[in-house]
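J.: Give me a model of this one.
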Amino acid sequence: MTFEEVLIQKPAERAQCTGTALEEVLESAKDNDSLTVGVYECAKVMNLDPDSVSFCVLAVDEEFECDIALQIHFTLIQSFCFDNDISIVRVSDMQRLAEIVGDKAGQLEDAHCVLITNPAEGSWEDPALEKLHLFCEESRRLNDWVPEISLPGR
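T.: Below you'll find the predicted structure:
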């Protein structure tokens, strides 16, 4: 999908399309062993090798909205992503995200942050990832710096 095609989509179509693209990218990254799951694990990767990070997903649900420590971590992760030109989105269904990333999540609490990294041997190309980058770029133009995406249900 080209940037122009993304721009002419209606907001509801765009949200559904990006949710599906995010699910595809997460499953592909899991298959390529290019996922990092968990706030602390993601912080370690960002600190050690920020150039390897391609995309960041933050997940929160109502149970954790008042968790001040988690919100501080989110603020720091968002700032790091902005400083390093890493596309970042938010999802509100942490349980669904944990289902998608599968055994990588371990416990449900660990699925608050998911990074998609490039494999050590080089960058893997994924059209769905490019679609997500375009969505994030367009959202930033509309001053929506951390857009929220709804993951499709099973």
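J.: where exactly do the helices run in this structure?
T.: 3-8, 11-31, 39-48, 68-83, 94-101, 127-141 (DSSP state H).
J.: What average pLDDT does the last one get?
T.: What that stands for is helix 127-141. When pLDDT is averaged along helix 127-141, the result is 90.
J.: and that helix, what does it pack onto?
T.: helix 3-8, helix 11-31, strand 53-59, strand 87-91 (3 or more CB pairs under 8 Å, 6 or more residues apart in numbering; DSSP states H and E). C-beta here means a position set from N, CA and C on the backbone, and glycine is covered the same way.
J.: Which secondary structure element of the chain has the lowest mean pLDDT?
T.: Sorting the helices and strands of the chain by mean pLDDT, DSSP states H and E puts helix 3-8 at the bottom, at a mean of 53.
J.: Now for the most centrally placed residue in the chain: which residues touch it?
T.: Centroid-nearest residue in the chain, with CA atoms, centre = their mean: residue 57, separated by 2.3 Å. Residue 57 makes contacts with 22, 26, 88-91, 97, 113-116, as judged by CB atoms under 8 Å, 6 or more residues apart in numbering.
J.: Next one: it from residue 73, what distance?
T.: 14 Å (CB to CB, to the nearest Å).
J.: try residue 19
T.: 24 Å.
J.: before we move on, what about residue 151?
T.: Residue 151 is 21 Å from residue 73, by CB to CB.
J.: Then residue 139?
T.: 22 Å.
J.: same question, residue 35
T.: From residue 35 to residue 73 the distance is 18 Å (CB to CB).
J.: Can you check which residues contact both of residue 57 and residue 73?
T.: residue 113.
J.: Run a quick neighbour tally on the closest residue to residue 87 other than its chain neighbours.
T.: Distance criterion CB to CB, 6 or more residues apart in numbering; nearest residue to residue 87, sequence neighbours excluded, is residue 136 at 4.0 Å. Residue 136 has 23 neighbours, counted by other CB atoms under 10 Å.
J.: got a list of what residue 136 touches?
T.: Contacts of residue 136 by CB under 8 Å, 6+ apart are 87-89, 147.
J.: ok, now with 7 Å
T.: 87, 89, 147 (CB atoms under 7 Å, 6 or more residues apart in numbering).
J.: just residue 66 next, same as before
T.: Taking CB under 7 Å, 6+ apart, one finds nothing in contact with residue 66.
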